[in-house]
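**Q** the following block contains a protein sequence and its predicted model.
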Amino acid sequence: MKALKTAAVVAISASVLASGHAYAAPPGDRHFDFNYGPDGQNVIFYSYRGDARPDIYLRGPHGEEKNLTARTDTWDIEPDYSPDGKKILYASGPNMGALSLRIMDADGGHDRLFYDGEDNEVAPKWSPDGSKVIFSAFNRNEKTNVIYIVEPDGSHVRSLTADLPGQSSQASWSADSQWILFSNKVTDDAQSDVYRMRPDGSHRQRLTHDTLSQTSPVYSQDMKTIIFIGFNEDGLSDLYSMPADGPHHSATVTKLSHSDDNLKYFLTHTPDGKHLIFSKGDWDKGFEMAHIPAPK
């Protein structure tokens, strides 16, 4: 894989991006899956603090925080704002083997079940136009992972990748709601590659064939570029970009972040599309928000 350029990774909190106010996470806390509201002022994420199970947190423009779930008996993870910023979808359950999808108001109120299937439902993502929701459902015993699409009220659940060999996960939407990116690994010990498909599951295409395991793919705002997190043989990760139709003879994969000993997870954009945000850190010292400029 040829690297053309590198941009410095800068650790930063949601409050810095929103208003310039610094926020220092306590050492050892693990913050994951940052997701901005449409106004760019508030950010939601899930956090492990001490020995407690993870909860969904809301962080405001001045660094103030509110625990939106505050339950001691459930794992509450992977939140996603609705396009209008009024609701939050997330995964919840007594353990990682018994997860379902829940929905609540943006302030944590009116929390209720959204969808509970036979497997473990995670990673809900609203389409930008608000018309659909995608999520993944995994079964640890059978080693399956399938992407589904559902109506915003939790009805009419349909599989998009059940017929695709391997495990499909980490799905995300294009800005026009017409494409879905996702990762797939053909076998349990294989590398992950980037795929795309239409919201009805058609026009499915594998975009990468590499020894680097590629995860968390997202489109740039103009849909000309795909950004993803790549894991090398040592288990370390960096951010990369490639043309929207995949690497080919006239264009290649571009490395966007400096290699270091930190792991990087849960890639997404700020609402204005100017920054890529992700969780960065390690399992001993903790994880916090980091960001780099989005590729132009």
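**A** Yes, it's here.
**Q** distance of the residue most central in space within the chain relative to residue 31?
**A** For the chain, residue 266 is the residue whose C-alpha lies nearest the centre (C-alpha atoms, centre = their mean; 4.1 Å). Plainly put, residue 266 is 10 Å away from residue 31 if you go by C-beta to C-beta, to the nearest Å. Every residue, glycine included, has its C-beta placed from N, CA and C.
**Q** shared neighbours of these two, which are they?
**A** When contacts are counted by C-beta atoms under 8 Å, 6 or more residues apart in numbering, residue 266 and residue 31 have residue 279 as shared neighbours.
**Q** tell me how far the residue nearest to the centre of the chain lies from residue 170.
**A** The gap separating residue 266 from residue 170 is 9 Å, by C-beta to C-beta.
**Q** what touches both of those two?
**A** Common contacts of residue 266 and residue 170 (C-beta under 8 Å, 6+ apart): residue 216.
**Q** next, count neighbours for the closest residue to residue 201 other than its chain neighbours.
**A** Nearest non-adjacent residue to residue 201, counting by C-beta to C-beta, 6 or more residues apart in numbering: residue 160, 4.2 Å away. The local packing of residue 160 (other C-beta atoms under 10 Å) involves 22 other residues.
**Q** strands along the stretch 1-150 of the chain, start to end?
**A** For the stretch 1-150 of the chain, strands defined by DSSP state E, counting those that start in this stretch occupy the ranges 10-11, 30-36, 43-48, 55-59, 65-67, 75-81, 87-93, 100-105, 112-115, 120-126, 133-139, 144-150.
**Q** go through those and name the closest to residue 261.
**A** Closest approach to residue 261 among the strands of the stretch 1-150 of the chain (C-beta to C-beta): strand 10-11, 13.4 Å.
**Q** picking that back up, nearest to residue 209, out of the strands of the stretch 1-150 of the chain?
**A** The closest of these to residue 209 is strand 144-150. By C-beta to C-beta, the value is 20.0 Å.
**Q** what's that closest one in contact with?
**A** In this structure, residues lying in contact with strand 144-150 by C-beta under 8 Å, 6+ apart are 115, 119, 121, 132-139, 156-162, 167-169, 171, 180, 182, 199.
**Q** and those residues, which of them are buried?
**A** Buried members of the contacts of strand 144-150, counted by 16 or more other C-beta atoms under 10 Å: 115, 119, 121, 132-138, 160-161, 167-169, 171, 180, 182, 199.
**Q** can I get the strands of the stretch 1-150 of the chain in a markdown table with mean pLDDT and distance to residue 280?
**A** Below are those laid out as a markdown table (pLDDT from 0 to 100; distance: least, C-beta to C-beta, whole Å):
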| stretch | mean pLDDT | distance to residue 280 |
| --- | --- | --- |
| strand 10-11 | 44 | 6 |
| strand 30-36 | 95 | 10 |
| strand 43-48 | 96 | 13 |
| strand 55-59 | 97 | 16 |
| strand 65-67 | 96 | 19 |
| strand 75-81 | 97 | 17 |
| strand 87-93 | 97 | 22 |
| strand 100-105 | 98 | 27 |
| strand 112-115 | 97 | 29 |
| strand 120-126 | 97 | 19 |
| strand 133-139 | 95 | 23 |
| strand 144-150 | 95 | 24 |
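**Q** now the ones you listed in CSV, with distance to residue 271?
**A** CSV is the format used below for these (distance: least, C-beta to C-beta, whole Å):
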stretch, distance to residue 271
strand 10-11, 19
strand 30-36, 5
strand 43-48, 10
strand 55-59, 15
strand 65-67, 20
strand 75-81, 10
strand 87-93, 15
strand 100-105, 20
strand 112-115, 23
strand 120-126, 13
strand 133-139, 19
strand 144-150, 23
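**Q** hmm, residue 224 is touching residue 241, no?
**A** No. The pair residue 224 / residue 241 is not scored as a contact, 9.9 Å apart, by C-beta atoms under 8 Å.
**Q** who's more crowded, those two?
**A** Neighbour comparison, residue 224 and residue 241: the larger count goes to residue 241, with 21 against 13 (by other C-beta under 10 Å).
**Q** which strand residues sit across from the more buried one in the sheet?
**A** residue 227, residue 254 (DSSP bridges).
**Q** which ones are touching it?
**A** Contact partners of residue 241, counting by C-beta under 8 Å, 6+ apart, are 220, 225, 226, 227, 228, 253, 254, 256, 295.
**Q** please apply the same query to residue 118.
**A** Residues in contact with residue 118, defined by C-beta under 8 Å, 6+ apart, are residue 137.
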